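Enquirer: pasting the sequence and the predicted model now:
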Amino acid sequence: MPQSAPPMSSSPGSLAPPSSGRDDRPEPRDPKGVRLAVALLLLIHAGLLAWIGARNSPTLDEVAHLPSGLSHWQFGNFDLYNVNPPLVRMLAAVPLLVTDPKTDWSPFDSGPFARSEFAVGRSFVEVNGPESFWYFTLARWACIPLSLLGGYFCWRWGRELFGVSAGLMALTLWCFSPNILGNAAMITPDAGGAALGVMAGYFFWRWLHQCDWPAALAAGISLGFAELTKSTWLILFGLWPLVWLLYHLSGERRLSLREWRMQFGQLSFVLLLGVYLINLGYGFEGSFTKLGDYVFVSRALNGKEEDRQTGNRFSKHWLASVPVPFPQNYIRGIDIQRSDFERKKWSFLRGEHRFGGWWYWYLYAIGVKVPVGFLLCGLLATGAAISHWRNPHRWREDFVVLAPGLAVLILVSSQTGFNRYLRYVLPAFPVAFVWMSQVAPAALRRRTTTVLVGALLAWAVASSLWVFPHNLSYFNELAGGPLGGPRHLLDANIDWGQDLRTLQRWLEANPQARPLHLKYFGFVEPRSVGIEYEAVPRGPLENAVTQNGEESGPRPGWYAISANYLYGYKHYEHDEPHYTYFQRFTPVARAGYSIFIYHITPEAANRVRHEMGLPPLNP
């Protein structure tokens, strides 16, 4: 079978001891059929993303990301949306540089607590109207190559670790994962961070085996690009040295002092190159600003006990004069994110609203948002790993592959100020795919296991495609599918404003559903894209006295309610569950899985009003 990296052995699914130096043997080409399979899977993946990108309306954060990316190009600064590095949104904004959309920067506010990217985003959609849908489609298509890179490196890493069949399995897991599809079809940074994160992990793994300067250069460049997608990857600056140290200390062969020095020098070069590329990506904006010159908003960095205060706990410390080797907006973004978790927000899990979060929220989210077939493949991979536990080289390789994913999961789970988005742990997915792919070569040795693994993959792929193009709302069969999903998780896991265009198409096909009363969860004003609507009457809160019972809901008419409102989600601190009374009615249609459509008759309205203790409506 093909061998393309020193750690591969001649038998499928096994690993040979690592090489102490570079392997100069030419890399054999994969058979033509394998190359065609890889190309076909990537082509299908690109087609799925392109279709989702064209069908769905801009989601909550996308509204802010696109004009922010455009501002980076036009003004050369990174003030807007600085809580995330700029690479993905800058790539998304490239088509807008030639299409020349309208812009309105007047809502911009440079205050320390301002998040004016969202006001600028709403203004962008308003001034461009229905044309804004086309701009977001182009922006999404511009980001498809990032996801193709992620798939390619899943394939390559799986193949070089465990064999061709494993590489194809890892690629399949990436290409049809509903969570990858749902997020990679948007211009948010999570899927891009996952894609470039697995690329960085792959090149770091190559460097561990080759230990030469070309491999170090590739690792450093990939590290820099990964850092420019998600600030979560800042952990790699501490994780990679730890992995390098443990990897060699646990090896059968002890390195000489000369080898330790050489590898330490190369690793230092990798990390310094990553830091340099972060600064280069920001145009060295405010790089090497002294620590004491920053104005921080998080309590951890400003040293204040109260919320909404600014300061700098280092201002009178000797560290105040130390220049920070990162761009100003990179540091400010980390500070703002820390402030968000400190101040806490409302979270939702399995019907419970909590101010703050749960340490196990992400584990639960994985259990309901990942296809059951993938979960069972993960169990098989765990069994395979345990069976090879006595092979020290095998578990060392597993450690290198899984360490970044586990670090992301542990880091994010430790931030219990709020839990809302499975996408925060999306960078952990591709390394899990690579590690899970070890079951493929083992399965090929027996017909029964071949059938089992094939059936699990087919089930997972079919489950993902069944909800296409609404993969953002995917929930597995254990959770009751997307229709049962809101009972488990809300917000971007089911309803992020993505189905407004689907509602628009439904209205065009159902002109009788007017006037429509709409309660939509999103930052796109429906009227700005051609949807006329009326307000939805609020229902009385539980145990609250209603002063105007006759004006309260429910009332007859046509209604479209976003799932977050239907289940009383507290996105903002003062939100109240005014629209949960619609759960007492049966929807007549849906726009995707995030907007439920109701036709309430006078009889049905009075029936529910009686149940709620409200006066009946006059005929």
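Expert: Ah, there it is. Numbers count the residues shown, from 1 in each chain.
Enquirer: excluding chain neighbours, what is closest to residue 435?
Expert: Excluding its sequence neighbours, the residue lying closest to residue 435 (CB to CB, 6 or more residues apart in numbering) is residue 401, at 4.9 Å. No exception for glycine: its C-beta is placed from N, CA and C like everyone else's.
Enquirer: what residues sit buried inside the helix or strand encompassing that neighbour?
Expert: Using DSSP states H and E, residue 401 maps to helix 392-414. Applying a neighbour-count criterion of 16 or more other CB atoms under 10 Å, one finds 393-394, 396-398, 400-405, 407-409, 411-413 buried in helix 392-414.
Enquirer: and the contacts of it?
Expert: 7, 15-18, 157, 161, 197, 201, 204-205, 208, 232, 235-236, 239, 243, 246-247, 250-252, 359-363, 385, 388-389, 424-425, 427-429, 431-432, 434-435 (CB atoms under 8 Å, 6 or more residues apart in numbering).
Enquirer: can you do 6 Å?
Expert: 15, 17, 201, 205, 235, 239, 243, 247, 250, 359, 362, 385, 388, 424-425, 427-428, 431-432, 434-435 (CB atoms under 6 Å, 6 or more residues apart in numbering).
Enquirer: would you list the buried entries among the residues you listed?
Expert: Of the contacts of helix 392-414, these count as buried by 16+ other CB under 10 Å: 15, 201, 205, 235, 239, 243, 247, 362, 385, 388, 424-425, 427-428, 431-432, 434-435.
Enquirer: next step: the residues you listed restricted to helices.
Expert: 201, 205, 239, 243, 247, 362, 385, 431-432, 434-435 (DSSP state H).
Enquirer: now those in CSV, with pLDDT and distance to residue 609?
Expert: As requested, those are exported to CSV (pLDDT from 0 to 100; distance: CB to CB, whole Å):
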residue, pLDDT, distance to residue 609
201, 98, 58
205, 97, 64
239, 97, 58
243, 97, 63
247, 93, 67
362, 97, 41
385, 86, 59
431, 97, 54
432, 97, 50
434, 97, 56
435, 96, 55
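Enquirer: where are the low-confidence patches of the stretch 1-150 of the chain?
Expert: 1-28 (pLDDT under 70).
Enquirer: and the strands in this structure?
Expert: 346-349, 352-355, 516-519, 557-562, 589-591, 595-600 (DSSP state E).
Enquirer: nearest to residue 455, of the ones you listed?
Expert: strand 589-591 (30.1 Å; CB to CB).
Enquirer: parallel or antiparallel, which strands does the closest one pair with?
Expert: strand 595-600 (antiparallel) (DSSP bridges).
Enquirer: in the strand it pairs with, what counts as buried?
Expert: Buried-residue list, strand 595-600, by 16+ other CB under 10 Å: 595-600.
Enquirer: pull up the per-residue confidence for the closest residue to residue 215 other than its chain neighbours.
Expert: The shortest distance from residue 215 to any non-neighbouring residue, by CB to CB, 6+ apart, is to residue 207 (4.1 Å). We note a pLDDT of 97 for residue 207 in this prediction.
Enquirer: residue 207 and residue 217, how far apart?
Expert: 9 Å (CB to CB, to the nearest Å).
Enquirer: go on, residue 340?
Expert: For residue 340 relative to residue 217 (CB to CB), the value is 36 Å.
Enquirer: what does stretch 593-601 contact?
Expert: In contact with stretch 593-601 (CB under 6 Å, 6+ apart) are residues 470, 473, 482, 494-495, 499, 503, 554, 556, 558-563, 566, 585, 587-590.
Enquirer: give me the buried entries from the residues you listed.
Expert: Here, 16+ other CB under 10 Å leaves 470, 473, 482, 494-495, 499, 503, 554, 558-563, 566, 585, 587, 590 buried among those.
Enquirer: am I right that residue 223 is in contact with residue 200?
Expert: Yes - counting by CB atoms under 6 Å, residue 200 is a contact partner of residue 223 at 5.0 Å.
Enquirer: hmm, residue 125 is touching residue 132, no?
Expert: Yes - contact criterion CB under 6 Å: residue 125 and residue 132 qualify, at 4.7 Å.
Enquirer: what is the burial count for residue 66?
Expert: Residues lying near residue 66 (other CB atoms under 10 Å) number 29.
Enquirer: how is the chain divided into domains?
Expert: Domain assignment for the chain by automatic domain parsing gives 32-51+144-286+355-466, 56-142, 291-342, 493-611.
Enquirer: what's the pLDDT at the residue lying farthest from the centre of the chain?
Expert: The centre of the chain is farthest from one residue, residue 619, which by CA atoms, centre = their mean lies 50.4 Å away. Note for residue 619: predicted pLDDT of 71.
Enquirer: residue 342 too?
Expert: At residue 342, pLDDT is 87.
Enquirer: what's the closest non-adjacent residue to it?
Expert: Distances taken as CB to CB, 6+ apart put residue 299 closest to residue 342, at 5.3 Å, once the chain neighbours are dropped.
Enquirer: need the contact list for the nearest residue to residue 122 once chain neighbours are set aside.
Expert: Sequence neighbours aside, residue 523 is the residue nearest to residue 122 in space, at 5.2 Å (criterion: CB to CB, 6+ apart). Counting by CB under 6 Å, 6+ apart, residue 523 touches 60, 63, 122.
Enquirer: was I right about the first one contacting residue 495?
Expert: No - under the criterion of CB under 6 Å, residue 60 lies out of contact with residue 495, with a separation of 9.4 Å.
Enquirer: can you add neighbour count and distance to residue 144 and give the contacts of residue 523 back as JSON lines?
Expert: Shown next, in JSON lines, are those (neighbours: other CB atoms under 10 Å; distance: CB to CB, whole Å):
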{"residue": "60", "neighbour count": "20", "distance to residue 144": "21"}
{"residue": "63", "neighbour count": "25", "distance to residue 144": "20"}
{"residue": "122", "neighbour count": "20", "distance to residue 144": "26"}
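Enquirer: can I get those residues in a markdown table with distance to residue 327?
Expert: Below are the contacts of residue 523 laid out as a markdown table (distance: CB to CB, whole Å):
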| residue | distance to residue 327 |
| --- | --- |
| 60 | 26 |
| 63 | 25 |
| 122 | 27 |
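Enquirer: and of these, the nearest to residue 350?
Expert: Nearest member of the contacts of residue 523 to residue 350, counting by CB to CB, is residue 60, at 22.4 Å.
Enquirer: what sits against the closest one?
Expert: Residue 60 makes contact with 496-497, 522-523, according to CB under 6 Å, 6+ apart.
Enquirer: which phi and psi does it have?
Expert: Reported as degrees, to the nearest 10, the phi and psi values for residue 60 are phi -50, psi -50.
Enquirer: measure it to residue 497 for me?
Expert: Per CB to CB, residue 60 is found 5 Å from residue 497.
Enquirer: what residues do these two have in common as contacts?
Expert: residue 522.
Enquirer: picking that back up, mind picking the two most distant members of the ones in helices among the buried ones among the contacts of helix 392-414?
Expert: Comparing every pair within those by CB to CB identifies 247 and 362 as the most remote, at 26.8 Å.
Enquirer: low-confidence stretches in the chain?
Expert: Within the chain, the stretches with pLDDT under 70 are 1-28, 542-551.
Enquirer: contacts only, for residue 95.
Expert: Here residue 95 is in contact with 138, 142 (CB under 6 Å, 6+ apart).
Enquirer: go with 8 Å
Expert: Residue 95 neighbours (CB under 8 Å, 6+ apart): 135, 138-139, 141-142.
Enquirer: out of those residues, who's nearest residue 43?
Expert: Among the contacts of residue 95, and counting by CB to CB, the member closest to residue 43 is residue 141, at 14.4 Å.
Enquirer: neighbours of that closest one, just the number please.
Expert: 18.
Enquirer: same thing with residue 155?
Expert: Residue 155 - counted by other CB under 10 Å - has 29 other residues nearby.
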